[in-house]
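*Asks:* Below are the sequence and a predicted model for it; my questions follow.
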Amino acid sequence: MRVLVLSDVHANLVALEEVLADAERVVWLGQRGFDAVWSLGDIVGYGPAPNQCIWRLQAFPDHLRVAGNHDWAALDRLDLDDFNPEARQMVLWTQRELAPDSYAYLRALPDQPIVVGDFTVTHASPRHPIWEYILNSEVALANFDHFHTPYCLVGHTHVPRIYRLFHDPQTGQPVCTAHAPAYDVDISLQGDHRLILNPGSVGQPRDGDPRASYAFLDTEAQVWRFRRIPYNYERTQADMRKAGLPERLIARLAFGW
C-alpha cells in the first residue's frame, strides 16, 4: 500500500492543499499518487481553517487518523494551563469555530496507537500518545520498549527525523541514533534494527525551514521518502490576521520556528 503520511496540519489549509496536490504529482517508486492517507494528529490548532482541514481529509475514503494534543484541547480534554498564552488563545478560538460535524470527527479520533502490519501509528510517542516530545535519541530509546512492531510513526515535534535502534555488535547493548532527513530519496526501512519515523509538520514546521514537510511510505516494499515543498504561507498569514489571531503565531510561519 502506498501511503501519504501527514502530521501536524494545524488548520493550515493552504499548506495542506499544496501537499495533497504535490503528492498526486510526484513520481515515487515508478508511480504517481497514493492509496491511503495516514494522519498523525493535530489537524487543528494554530491555523485559521480547522473545519476546512477536517473536511478535506474526510474526503479520502482510506484515511487512518489518531488524536493529537491540540485535537484533544479543542475538545476541552486537556488543561489549558499546560499551553503557552498564544496556544491557549488558539485553543479557545478553535473551540468557538468548530462546526458540529468537525467536533464529532475530533471526538472519534483514537487516543491510543494503531497497529497496521509492521507499523505502529501514534501522535506524540508510543509511551505517551497524546503529549510527549521525541526530540532526541535518549527519549526515543526509552520509547522503543512501548511498541512491538519494527516501525513506529510519530509527529508532534514538527521536526522530520528518523531514530534507529540497534544493538552494539561488541557489547550487545541497545544503541539509538538520530538521523536528519534526506529529501526525495527512497529510504529502505529494512535491516537489523527498529525505527521511529517522524514526517515533520505540514502546517507549522519548527526546524528553521518554512516549507511544508510530509512523507511517502510503501508498506509492502517498506520504503520511506521525506518530501519538502514550498507553499504560499503569506495567504495563511493573511487569513490569520483577518481572524485576529496572535501575531507571533503569524510571524513564525515565515521562519519555520
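*Replies:* Looks like it came in fine.
*Asks:* Provide a list of residues in contact with C176.
*Replies:* 137-138, 140-141, 144, 163-165 (CB atoms under 8 Å, 6 or more residues apart in numbering). Backbone N, C-alpha and C define where each C-beta goes, glycine included.
*Asks:* Am I right that it is in a strand?
*Replies:* Yes. Assessed with DSSP: H, G, I helix; E, B strand; the rest coil, C176 lies in a strand.
*Asks:* Looking at the contacts of C176, spot the one nearest L78.
*Replies:* Proximity of the contacts of C176 to L78 (CB to CB) peaks at A140, which lies at 23.7 Å.
*Asks:* of the contacts of C176, buried ones?
*Replies:* The neighbour count (16 or more other CB atoms under 10 Å) marks 137, 140-141, 144, 163-165 as buried among the contacts of C176.
*Asks:* Narrow the contacts of C176 to those in strands?
*Replies:* Among those, DSSP state E puts 163-165 in strands.
*Asks:* For the residues you listed, give me CSV that also has pLDDT and distance to H148.
*Replies:* Listed next are these as CSV, based on pLDDT from 0 to 100; distance: CB to CB, whole Å:
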residue, pLDDT, distance to H148
Y163, 98, 16
R164, 98, 17
L165, 98, 13
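*Asks:* In JSON lines: those, plus distance to G208.
*Replies:* Output for the ones in strands among the contacts of C176, formatted as JSON lines (distance: CB to CB, whole Å):
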{"residue": "Y163", "distance to G208": "20"}
{"residue": "R164", "distance to G208": "23"}
{"residue": "L165", "distance to G208": "27"}
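*Asks:* From those, pick the one nearest H156.
*Replies:* Of the ones in strands among the contacts of C176, the one sitting nearest to H156 (CB to CB) turns out to be Y163, at 13.4 Å.
*Asks:* do you know how far the nearest residue to that closest one once chain neighbours are set aside is from D101?
*Replies:* Among residues not flanking Y163 along the chain, A140 sits closest, at 3.7 Å (CB to CB, 6 or more residues apart in numbering). For A140, the distance to D101 (CB to CB, to the nearest Å) stands at 37 Å.
*Asks:* same check, this time on R252
*Replies:* From R252 to D101 the distance is 30 Å (CB to CB).
*Asks:* Of the two, which one has the most company?
*Replies:* R252 (19 against 11; other CB atoms under 10 Å).
*Asks:* Now do the contacts for the closest residue to that one other than its chain neighbours.
*Replies:* Nearest residue to R252 in three dimensions, chain neighbours excluded: Q204, at 7.2 Å (CB to CB, 6+ apart). Counting by CB under 8 Å, 6+ apart, Q204 touches 8, 10, 12, 46-47, 158, 252-253.
*Asks:* That concludes my questions; thank you for your assistance.
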